[in-house]
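Student: Sequence plus predicted model, see below.
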Amino acid sequence: MRNFRSVALSVTVASCLAACSTIAEPPQSAGETVNAQQAEQAFTDSRWPSASSESREDAPNASTGQEEGVLETGRAAVHDAVEWVARGVDGWFGDKPFEEGGRVAGRIQLGGLWRQDEGTDWLTRFGVRLNLPNVRRFGFVFFGRDNERDVITDKPDAFTRREQLLPETRDDQSFFAGLGTQIANVVSLRAGFRSGVKPFAQARYQRLFEFGERDSLEFKETVFWTVDDGFGSTTALFYDHAYSSSLALRWQSAATLSQESDGVEWSSSIGLYKSFGSQRLLSVEALVNGETGLNVGATEYGVRTRWEQPIYRDWLIADMTVGYFFPRKEEVTERGRAWALGASVLMRF
């Protein structure tokens with residue numbers, strides 16, 4: 001089972017940042033295995049890149065003069081600019097050199113989508129995680145920009161608006177910044193500010209249970225607080241079954257409740273995930289979501305398929321998603337039908 005979980009199947013991820021996570025490790029090559037489970041680790045994989053997951057030897061360096069084109073030069077420039085800021089901030093808290101454990105890692109994603117019942121949308125996301133030597137006793141620093149509601153409630157990636165191919169307005173997105181820490185590999189804590197000076201806090205507990213070599217069940221509970229929503233929680237369950245070293249089945253469900261919400265938002269999906277090696281990943285899923293109290297049953301159900309692969313080395317990733325959905329938002333309306341298409345390019349640095 002350890003080998004089964006060794007490679008992140010970021011089929012449902014392709015997110016550069018939603019607000020709190022880490023860069024997934026690249027697959028191991030021809031013999032790689034599929035792991036649908038790691039694709040949903042919002043605190044540690046998909047939303048905020050992990051500064052500890054990228055070695056300093058692999059980090060770009062614009063000063064070496066060895067860039068092999070515009071892409072390398074641009075990537076190195078972004079990394080060096082972020083590191084320059086990180087060094088300055090770290091210096092406010094002490095005299096320890098940045099070279100003694102300092103790390104910078106991030107993602108930038110440019111994406112667009114078209115949906116038959118909603119129109120076209122273009123958005124940019126980014127996220128950075130910093131390990132600062134003089135701040136390490138407090139945790140790590142994170143900042144970025146993504147969908148405010150999805151980030152605060154810590155929805156699994158598969159159920160975010162981005163992955164459900166739903167358009168977002170500029171008002172849906174916010175800038176985030178704060179501090180986070182990991183406790184004993186089962187508890188994650190984060191606190192910070194969004195949209196200027198609006199504070200938020202999150203605490204997540206997660207536990208993985210293994211059943212033999214091919215099956216696992218993961219439980220995640222996130223308690224959050226914001227000025228607008230008060231206290232709330234998101235509960236998520238993930239079940240994985242490995243058919244082979246390159247094919248996996250995943251079922252996942254989540255429910256979110258807050259003091260200010262009228263009902264419980266719920267979502268569920270089941271899908272197959274196939275790895276073709278070299279970070280080439282394919283998924284096919286059926287999903288349904290809704291909210292109690294609306295008297296419409298499911299607010300939407302449908303199917304989606306996604307392809308993801310590197311387009312330059314292992315740090316520039318492209319993905320394309322096609323979906324067909326049956327939405328019903330209000331009791332007085334009939335259930336509709338809508339095709340949807342999404343695509344994005346993600347750069348890790």
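Tutor: Right, received. Where do you want to start? Residues are numbered from 1 along each chain as shown.
Student: Please count neighbours and contacts with C-alpha atoms only from this point.
Tutor: Will do.
Student: ranges for the helices of the chain?
Tutor: Using DSSP state H, the helices of the chain run over 70-91, 148-153.
Student: buried ones in stretch 242-254?
Tutor: Using 16 or more other C-alpha atoms under 10 Å as the test for burial, stretch 242-254 gives 242, 245-254.
Student: Find the pair from those with maximum spatial separation.
Tutor: Distances among those were taken as C-alpha to C-alpha; the most separated pair is 245 and 254, at 26.9 Å.
Student: Run through the chain and note the low-pLDDT ranges.
Tutor: Flagging of the chain using pLDDT under 70 yields the residue ranges 1-68, 196.
Student: and residue 307, what does it touch?
Tutor: Contacts for residue 307 (C-alpha atoms under 8 Å, 6 or more residues apart in numbering) come out as 11, 280-283, 319-321.
Student: about what we covered before: can you lay out the helices of the chain as CSV showing mean neighbour count and distance to residue 275?
Tutor: Converted to CSV, the helices of the chain look like this (neighbours: other C-alpha atoms under 10 Å; distance: least, C-alpha to C-alpha, whole Å):
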stretch, mean neighbour count, distance to residue 275
helix 70-91, 16, 26
helix 148-153, 21, 27
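Student: Check the spacing between the closest residue to residue 289 other than its chain neighbours and residue 322 real quick.
Tutor: Nearest residue to residue 289, sequence neighbours excluded (C-alpha to C-alpha, 6 or more residues apart in numbering): residue 267, at 4.1 Å. According to C-alpha to C-alpha, to the nearest Å, residue 267 stands 19 Å off from residue 322.
Student: likewise residue 293?
Tutor: 30 Å.
Student: quick one on the thing from earlier: and of the buried residues of stretch 242-254, the nearest to residue 137?
Tutor: Using C-alpha to C-alpha, those come closest to residue 137 at residue 254, 33.1 Å.
Student: Am I right that that closest one is in contact with residue 269?
Tutor: No. In this structure, residue 254 is not within contact of residue 269 by C-alpha atoms under 8 Å, at 9.4 Å.
Student: just the strands in the stretch 51-200 of the chain please.
Tutor: For the stretch 51-200 of the chain, the strands defined by DSSP state E, counting those that start in this stretch cover 103-115, 119-131, 140-147, 173-183, 187-194, 198-211.
Student: Looking at residue 293 and residue 322, which is more packed in?
Tutor: Each of residue 293 and residue 322 has its neighbours counted (other C-alpha atoms under 10 Å); residue 322 has more, 19 against 11.
Student: which one of the helices of the chain lies closest to residue 301?
Tutor: Of these, nearest to residue 301 by C-alpha to C-alpha is helix 148-153, at 18.8 Å.
Student: just checking, what packs against the closest one?
Tutor: Applying 3 or more C-alpha pairs under 8 Å, 6 or more residues apart in numbering; DSSP states H and E, we find helix 148-153 packed against strand 215-226, strand 230-242.
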